[in-house]
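Colleague: Below: sequence and its predicted model.
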Amino acid sequence: MQEARYFKFSIGMLLVPLFSVLSIWTVFWIELQLGVDFNDYGISPRKLLGLQGILFGPFIHGSIEHLYNNTIPLAVLTLTLFYFYQKDATKVLLSGVVIAGFLTWLIGRPSYHIGASGLIYVLASFIFFKGVFTKYYRLIALSLAIVFIYGSMLWYIFPIEEGISWEGHLSGFVTGLLLARIIKSEIPEPKKYKWEQDDFNEEEDEFLRHFDENGNFIEKTTSSDEEAIKVIYDFKKSKKNL
């Protein structure tokens with residue numbers, strides 16, 4: 001089956017989500033154990049040194065709540081990306097981190113922008129728009145699932161809550177859209193029924209022979225030398241025992 005070649009689960013797919021989650025938790029644990037604050041390694045907009053945050057920022061979180069809120073979406077969306085877009089997953093992941101981080105550096109407020117939420121918006125946006133662009137039924141269904149589960153995230157690309165980097169969210173959302181449009185992904189060809197195939201001949205199809213070119217049913221009459229067969233049904237009332 002053609003789809004099995006494209007959508008095939010392997011244990012290796014778990015490595016990237018597992019590494020991502022372990023990385024952000026390990027960095028937070030190191031901060032607690034050593035009593036240090038890595039926030040200065042986040043993205044500091046329009047400052048040359050602040051460009052280092054593009055690489056380090058996604059691993060740094062300001063609180064346990066911040067870390068927890070990013071853990072499950074990061075794991076789920078990363079695994080989804082590597083399952084449905086195996087060949088392009090690494091490219092999307094790395095490009096998403098760099099492009100979204102740079103956009104945040106350009107438009108962000110004078111503060112340190114940290115956390116994996118920018119990458120999460122990249123993944124959610126890419127998976128949603130890519131499914132819509134491909135018009136492949138399984139990927140469209142995936143896009144609808146993303147809307148159902150993470151649709152409320154859309155509000156946070158706007159400055160509706162103090163202390164949240166809406167610039168990072170917006171940058172991730174735009175980056176995911178751009179990557180979905182630019183990256184050409186291979187998808188399985190939809191299954192074609194017999195009448196959809198290019199070499200299909202209507203005249204050879206036994207069923208379609210019963211209809212004319214306008215779709216009207218053709219009644220076939222028997223020739224004089226053919227015998228008409230009549231089936232007679234004999235209905236008898238059953239006697240009921242009194």
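Modeller: Received the coordinates, thanks.
Colleague: contacts, neighbours, all on C-alpha from now
Modeller: Will do.
Colleague: So residue 171 sits against residue 100, correct?
Modeller: Yes. Using Cα atoms under 8 Å, residue 171 makes contact with residue 100 at a distance of 4.9 Å.
Colleague: shared neighbours of these two, anything?
Modeller: Taking Cα atoms under 8 Å, 6 or more residues apart in numbering as the contact rule, residue 171 and residue 100 both touch residue 118.
Colleague: Start from the N-terminal end of the protein and give the helices.
Modeller: Taking DSSP state H as the criterion, the chain carries its helices at 2-6, 15-34, 53-56, 64-84, 89-107, 117-134, 137-150, 166-182.
Colleague: Figure out which of these is closest to residue 156.
Modeller: Relative to residue 156, the nearest member of the helices of the chain by Cα to Cα is helix 166-182, separated by 5.8 Å.
Colleague: Adding mean pLDDT, distance to residue 43 and mean neighbour count, write the helices of the chain out as a markdown table.
Modeller: Shown next, in a markdown table, are the helices of the chain (pLDDT from 0 to 100; distance: least, Cα to Cα, whole Å; neighbours: other Cα atoms under 10 Å):
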| stretch | mean pLDDT | distance to residue 43 | mean neighbour count |
| --- | --- | --- | --- |
| helix 2-6 | 60 | 37 | 12 |
| helix 15-34 | 96 | 16 | 15 |
| helix 53-56 | 97 | 4 | 21 |
| helix 64-84 | 95 | 17 | 18 |
| helix 89-107 | 97 | 6 | 20 |
| helix 117-134 | 96 | 11 | 24 |
| helix 137-150 | 93 | 25 | 15 |
| helix 166-182 | 97 | 10 | 23 |
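Colleague: For residue 40, find the nearest of those helices.
Modeller: Ranking those by their distance to residue 40 (criterion: Cα to Cα) puts helix 53-56 first, at 8.4 Å.
Colleague: What would the closest one look like as PDB? C-alpha coordinates only.
Modeller: Once non-C-alpha atoms are left out, helix 53-56 reads as follows in PDB (Å, rounded to 0.1, in the frame of the first residue of the first chain):
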ATOM      1  CA  GLY A  53      19.000  33.800  21.900                       C
ATOM      2  CA  ILE A  54      17.900  32.400  18.600                       C
ATOM      3  CA  LEU A  55      19.900  29.300  19.500                       C
ATOM      4  CA  PHE A  56      19.600  29.200  23.300                       C
END
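Colleague: And that helix, how far out from the chain middle?
Modeller: Centroid displacement of helix 53-56 relative to its chain, using Cα atoms, centre = their mean, to the nearest Å, is 25 Å.
Colleague: Who are the contact partners of the residue positioned nearest the centre of the chain?
Modeller: The C-alpha lying nearest the average C-alpha coordinate of the chain belongs to residue 127 (Cα atoms, centre = their mean; 3.2 Å). With contact taken as Cα under 8 Å, 6+ apart, residue 127 is in contact with 81, 142-143, 146, 176, 180.
Colleague: Closest one of the residues you listed to residue 123?
Modeller: The closest of these, once distances to residue 123 are taken by Cα to Cα, is residue 176, at 6.3 Å.
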